[in-house]
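Novice: Sequence first, predicted coordinates after that:
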4 protein chains.
Amino acid sequence: MDKPEKILATALRLFVTYGFHGTPTSKIASEAGVSNGTLFHYFKTKDDLVVALYTSIRGELNQFLVRQINTASTSKEKFRRLFVGSVEWALHNGDAFYFIQQFRFSPHLNLVSEEESRRQSEVHMELLQEARNANWLKPLPVDLIATLTASQISGIHQYLVEKTVSPDEQRKLIDDVFELTWATVANPELP
Amino acid sequence: MDKPEKILATALRLFVTYGFHGTPTSKIASEAGVSNGTLFHYFKTKDDLVVALYTSIRGELNQFLVRQINTASTSKEKFRRLFVGSVEWALHNGDAFYFIQQFRFSPHLNLVSEEESRRQSEVHMELLQEARNANWLKPLPVDLIATLTASQISGIHQYLVEKTVSPDEQRKLIDDVFELTWATVANPELP
Amino acid sequence: MDKPEKILATALRLFVTYGFHGTPTSKIASEAGVSNGTLFHYFKTKDDLVVALYTSIRGELNQFLVRQINTASTSKEKFRRLFVGSVEWALHNGDAFYFIQQFRFSPHLNLVSEEESRRQSEVHMELLQEARNANWLKPLPVDLIATLTASQISGIHQYLVEKTVSPDEQRKLIDDVFELTWATVANPELP
Amino acid sequence: MDKPEKILATALRLFVTYGFHGTPTSKIASEAGVSNGTLFHYFKTKDDLVVALYTSIRGELNQFLVRQINTASTSKEKFRRLFVGSVEWALHNGDAFYFIQQFRFSPHLNLVSEEESRRQSEVHMELLQEARNANWLKPLPVDLIATLTASQISGIHQYLVEKTVSPDEQRKLIDDVFELTWATVANPELP
DNA sequence: GATGAATGAGCATTCATTCAT
DNA sequence: GATGAATGAATGCTCATTCAT
């Protein structure tokens, strides 16, 4: 892991525990094993670091989801991979997922460009748009469906984190909730 | 409005705009029309103020929901009031609702006592427990159902805030999403 | 004990433990069982309180010493009463004695008027002057003798406080040191 | 003089004049010609600075005394060097000597470790112990003798500071008081 | 590129003091 | 006399950022 990566990884861990404000750049630097100055060599400001971390995490998540989706063929199956993949990624990357939400409810969100924002939800949106075009979805706004499914993903994840659930049950619960969600948004008249 | 209330109201407005860290206590005090010392007379520390604000907001929301629920008789109708009421409260109290989420993804959450936490979700949980006992719900964990419905509430709210939707459409969308949610969690075998 | 006295007694206890700066007037007031405002009703400022406490303590010590001295007739015996009495008073009024020294090495000392200062060492000085006039003392400056004996008093007291010594031994040690001191300053040629 | 030294020297001057509390760190920094942040770069807290100053001063005094003592051979001569050296050091380092006493009657004293405390009186104690072993001292507790001689040192110093005395007289007075003190504590039966 | 000493603006918090009741 | 809410100046300390080496 090179220095910028080390800094990002350390920042993630500390931000999640202590918050943005509660984490001095000096602590990030020292725990990442680099000097104070080096941090600012790679990231112009602390805000830059925060945004870079967000962008990097969203990038990883997206890459992961694209790989998941590509292994499926039907719309429903792709949607399942997106849903289940998202929850599992969140479970395996607890800090990163927490950080995303922390970031979304902070003034830093404004520092992300429109374009970058769009890119980040592209996967989800394209998938839904495709399903809508094929008439697989209820006649609700696609944006609404996207928001609702994202909420469900975050909901089931939150439940699984708070309760202690065996891996088997976990998989079953995720699948159950996926089916419920699918039943909620899918056009009931199509096979 | 007495001084502590004025301070809380001002803090809410500023926190939502600038974040906890981005809001100096001095700014809260001056915009609330009190002296710096007075703020600390009523709230021992800035953290105390943040937690007090959270507790106060959750209290108001709960009171509102209780009043809503009490106007209905059947479980489904109560549930609808809870759901629709929550979304409408969120729409009318955008800052407060945003603050709740901001708070939940911050280290301040740890400063809320277990007991206080329980009290805050009591209304929702009791309602669902009652429905479950009457066999109105699918055989899923009540906690899961609670989390999922809370997610849907937050999802539809988010959608309505991002898009511009006429009041009439708003009401219709909220109701549609409620019916979908109800269909998702309700036991299909009961009338 | 009336309110001003209660305030002084509480202030003494707190000053000795936490220092002048480490003791807020609000703490003095609350521990003395009076309101914040009452403290300032009796003492115009905190500095006033500090000085008043010093003056009051020195007054008590002086009264005590005068009473001690009056029970003796010869110069040496008076001197012994002064010496032994001072040490015993210091042992019984540890806080007060500590406070005197704390005060003497603080900028507050400048707030005590020349006249008040003189009055405070009057007893000691008059006694030595009398002894000098009667030719009982070595031909050293009276002021020097005063300072040296005061140092010895403070020295033996310090020793007794740091070590744990039985009351009997205490009395013996004090007397021994007195005799040594007397031998040091007294004119050896007079009976 | 490097920065920490400059800060200590400035702090000493200001503490003696205005007291610990009366001296803001910002004033120390600016008069030392460094920034506020630099002060805290070298001393974690203001208390740390105070303690470091005390330790540093005691260290210098000790070094000086060790050098003095090493120029003498007999116990009495060493003792004289200790006594006279202490008074002269105090006269030449008035601020430092005043600060030591200011510090000793303040809550900061508790921040000095036992070990450090012992090290500070080591020179004095070892010298007396050596004299005691050689049977040069009266059969009094060595600790008591140490405390009494320290008091005499502080006493003669105080006198010399308050009165204006010519250098020649000064030397004579110090020597006289040393001889008196020696007569007080030395075993009269040894040559 | 890498370092870390140095900076100084900024902020939470304290506390002596006032004054209306 | 007694109260205690209100004040706001004062201060210790933090921390993002710079820059000479």
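Specialist: Everything's here; your move. Just so you know, these numbers come straight off a predicted model, no measurement behind them. Numbering: from 1, shown residues only, chains lettered A, B, ... in the order given.
Novice: Around the residue of chain A found nearest chain D, how many other residues sit close by?
Specialist: Nearest to chain D, among the residues of chain A, is A:Ser26, at 11.4 Å (C-beta to the nearest C-beta). The C-beta positions use only the backbone N, C-alpha and C, and glycine is treated the same way. Number of residues near A:Ser26 (other C-beta atoms under 10 Å in any protein chain shown) recorded here: 11.
Novice: where do the strands sit along chain A?
Specialist: Assigned by DSSP state E, chain A shows no strands.
Novice: A:Ser86 versus A:Ser154, what's the distance?
Specialist: Going from A:Ser154 to A:Ser86 by C-beta to C-beta, to the nearest Å gives 9 Å.
Novice: And for A:Gln102?
Specialist: Distance of A:Gln102 to A:Ser86, given as C-beta to C-beta: 17 Å.
Novice: what's the closest non-adjacent residue to the residue of chain A closest to chain D?
Specialist: Counting by C-beta to C-beta, 6 or more residues apart in numbering or on different chains, A:Asn36 is the residue found nearest to A:Ser26 once chain neighbours are left out, at 5.5 Å.
Novice: Who are the contact partners of the one you found?
Specialist: A:Asn36 makes contact with A:Thr25, A:Ser26, A:Ala29, A:Ser30, according to C-beta atoms under 8 Å, 6 or more residues apart in numbering or on different chains.
Novice: Of these, which is the most crowded?
Specialist: The most crowded member of the contacts of A:Asn36, judged by other C-beta under 10 Å, is A:Ala29 (20 neighbours).
Novice: Quick check: it vs A:Val16, distance?
Specialist: From A:Ala29 over to A:Val16 the distance is 17 Å, taken as C-beta to C-beta.
Novice: Please list all residues in contact with A:Ala131.
Specialist: A:Ser75, A:Phe79, A:Leu137.
Novice: and the last one, how many neighbours?
Specialist: Meaning A:Leu137. Other residues lying near A:Leu137 total 20 when counted by other C-beta under 10 Å.
Novice: for the first one, same thing?
Specialist: When counting by other C-beta under 10 Å, one arrives at 19 neighbours for A:Ser75.
Novice: for A:Trp136, same thing?
Specialist: Using other C-beta under 10 Å, A:Trp136 has 19 neighbouring residues.
Novice: nearest spatial neighbour of A:Ser106, skipping sequence neighbours?
Specialist: B:Gly19 is the one closest to A:Ser106 (C-beta to C-beta, 6+ apart), at 5.6 Å.
Novice: Flag every buried residue along stretch A:34-44.
Specialist: Neighbour-count burial for stretch A:34-44 flags A:Val34, A:Thr38, A:Leu39, A:Tyr42, A:Phe43 (criterion: 16 or more other C-beta atoms under 10 Å in any protein chain shown).
Novice: what does stretch A:45-52 give?
Specialist: Neighbour-count burial for stretch A:45-52, counted by 16+ other C-beta under 10 Å, picks out A:Lys46, A:Leu49, A:Val50, A:Val51, A:Ala52.
Novice: cool, and stretch A:91-109?
Specialist: In stretch A:91-109, counting by 16+ other C-beta under 10 Å, buried: A:91, A:93, A:95-103, A:105-108.
Novice: got it, and stretch A:170-183?
Specialist: Neighbour counts over stretch A:170-183 (16+ other C-beta under 10 Å) mark A:Gln170, A:Leu173, A:Ile174, A:Val177, A:Phe178, A:Leu180, A:Thr181 as buried.
Novice: Could you list which of those also contact chain D?
Specialist: Residues of these in contact with chain D (C-beta under 8 Å from any C-beta of the partner chain): none.
Novice: does DNA strand F sit close to the longest helix seen in chain A?
Specialist: Among the segments of chain A that qualify as a helix by DSSP state H, the longest is helix A:46-70. Yes: using C-beta under 7 Å from any atom of the strand, helix A:46-70 comes into contact with DNA strand F via A:Lys46, A:Asp47.
Novice: quick one: pLDDT of A:Thr74?
Specialist: The model reports A:Thr74 with a pLDDT of 87.
Novice: So which bits of chain A are right by chain B?
Specialist: Within chain A, the positions near chain B by C-beta under 8 Å from any C-beta are A:17-22, A:98, A:101-102, A:105-107, A:140-141, A:143-144, A:147-148, A:150-152, A:154-156, A:158-159, A:162-163, A:173, A:176-177, A:180-181, A:183-185.
Novice: Can you tell me what sits against stretch A:101-117?
Specialist: Stretch A:101-117 is contacted from outside by A:15-16, A:19-20, A:47, A:50-51, A:54-55, A:154, B:17-19, B:22, B:98, B:101-102, B:105-106, using C-beta under 8 Å, 6+ apart.
Novice: Out of those residues, name the ones that lie in helices.
Specialist: Of the positions in the contacts of stretch A:101-117, A:15-16, A:47, A:50-51, A:54-55, A:154, B:17-18, B:98, B:101-102 sit in helices, assigned by DSSP H.
Novice: wait, which of those residues is closest to C:Ala9?
Specialist: For the ones in helices among the contacts of stretch A:101-117, the minimum distance to C:Ala9 (C-beta to C-beta) is 48.9 Å, reached by B:Tyr18.
Novice: The closest one and B:Tyr42, how far apart?
Specialist: 21 Å.
Novice: Where does pLDDT dip in chain A?
Specialist: Residue ranges of chain A with pLDDT under 70: A:190-191.
Novice: For it, just list every one of the helices.
Specialist: Counting by DSSP H, one finds helices in chain A at the ranges A:3-18, A:25-32, A:36-42, A:46-70, A:75-92, A:94-104, A:114-133, A:142-162, A:167-185.
Novice: And those helices: which comes nearest DNA strand E?
Specialist: Of all these, it is helix A:36-42 that lies closest to DNA strand E, at 1.9 Å by C-beta to the nearest atom of the strand.
Novice: how far out from the middle of the chain is that closest one?
Specialist: Centroid separation for helix A:36-42 versus its chain: 27 Å, with C-alpha atoms, centre = their mean, to the nearest Å.
Novice: Next, see if that helix gets close to DNA strand E.
Specialist: Yes: Helix A:36-42 reaches DNA strand E (C-beta under 7 Å from any atom of the strand) through A:Asn36, A:Gly37, A:Thr38, A:Phe40, A:His41, A:Tyr42.
Novice: The residues you listed: which ones sit near DNA strand F?
Specialist: By C-beta under 7 Å from any atom of the strand, the members of the residues of helix A:36-42 next to DNA strand E lying near DNA strand F are A:Asn36, A:Gly37, A:Phe40.
Novice: From these, pick the one nearest chain C.
Specialist: Lowest distance from chain C to these (C-beta to the nearest C-beta) belongs to A:Asn36, with 33.9 Å.
Novice: how far away is the closest one from A:Arg118?
Specialist: Using C-beta to C-beta, one gets 35 Å for the distance from A:Asn36 to A:Arg118.
Novice: now A:Leu148
Specialist: Computed as C-beta to C-beta, the A:Leu148 to A:Arg118 distance reads 19 Å.
Novice: what do you get for A:Trp89?
Specialist: Taking C-beta to C-beta as the measure, A:Trp89 falls 21 Å from A:Arg118.
Novice: surely A:Ile174 meets A:Ile156?
Specialist: Yes: in this structure, A:Ile174 is within contact of A:Ile156 by C-beta atoms under 8 Å, at 6.1 Å.
Novice: what touches both of these two?
Specialist: Common neighbours of A:Ile174 and A:Ile156 (C-beta under 8 Å, 6+ apart) are A:Val87.
Novice: quick one on the thing from earlier: burial count for the residue nearest to A:Ser106?
Specialist: 18.
Novice: Same check on A:Leu144?
Specialist: Neighbours around A:Leu144, by other C-beta under 10 Å: 22.
Novice: so it sits right up against B:Leu173, yeah?
Specialist: Yes: counting by C-beta under 8 Å, A:Leu144 touches B:Leu173, with 7.2 Å between them.
Novice: shared neighbours, these two?
Specialist: Joint contacts of A:Leu144 and B:Leu173 (C-beta under 8 Å, 6+ apart) are B:Ile156, B:Tyr159.
Novice: Identify the residues contacting A:Leu160.
Specialist: A:Leu160 makes contact with A:Val87, A:Leu91, A:Gln170, A:Leu173, A:Ile174 under the criterion C-beta under 8 Å, 6+ apart.
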